[in-house]
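Visitor: The amino acid sequence is not available; the structure is as follows:
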């Protein structure tokens with residue numbers, strides 16, 4: 001009788017442990033997805049400020065919008081780097097860090113360039129900087145594809161089902 005109760009107790013503990021690990025795996029995946037979704041929305045906010053700046057010639061609001069995105073990315077890089085690996089998440093975290101570092105570099109090298117502009121800046125110069133920024137999207141897509149592949153592999157290896165994001169840029 002004692003052995004039977006001990007076996008049942010052990011089974012309950014093991015099942016609870018597996019359920020906790022599964023929740024941790026799902027939680028890690030969800031946390032990374034949330035980071036990327038938030039980054040997308042912060043990038044959109046900068047884009048809205050850019051439209052206003054481009055049309056008005058007043059680029060003075062861009063530094064604050066860019067700094068918000070940059071601070072978020074830098075904090076996210078620290079957060080992802082500090083995450084503990086769960087269920088073989090090393091490849092997924094590495095892909096996430098690669099993506100975030102790429103985004104940080106784009107912000108510093110491409111988005112920050114617009115902060116030097118004023119209403120007297122030649123529109124061709126603004127257009128050239130904008131084209132340079134847009135051309136980054138090709139490499140960004142490569143980074144996103146690698147991130148999606150790592151996420152799918154992580155999900156497959158851990159038996160979790162990924163739900164499609166409502167965000168069109170992530171699909």
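Guide: Perfect, I can see it now. Model, not experiment: these values are computed from the prediction.

Visitor: Quick check: chain neighbours aside, which residue is closest to residue 121?
Guide: Closest residue in space to residue 121, ignoring its immediate chain neighbours: residue 57 at 7.5 Å, by C-beta to C-beta, 6 or more residues apart in numbering. From N, CA and C alone the C-beta is placed, and that goes for glycine too.

Visitor: right, and the secondary structure at residue 33 would be what?
Guide: When classified by DSSP: H, G, I helix; E, B strand; the rest coil, residue 33 comes out as helix.

Visitor: okay, now it: neighbour count?
Guide: 17 (other C-beta atoms under 10 Å).

Visitor: Also the one 3 residues further on?
Guide: With neighbours defined by other C-beta under 10 Å, the count for residue 36 comes to 20.

Visitor: mind checking which helix or strand it is in?
Guide: Using DSSP states H and E, residue 36 sits within helix 2-56.

Visitor: mean confidence score for that helix?
Guide: Averaging pLDDT along helix 2-56 yields 73.

Visitor: Kindly report the same for stretch 111-131.
Guide: When pLDDT is averaged over stretch 111-131, the result is 93.
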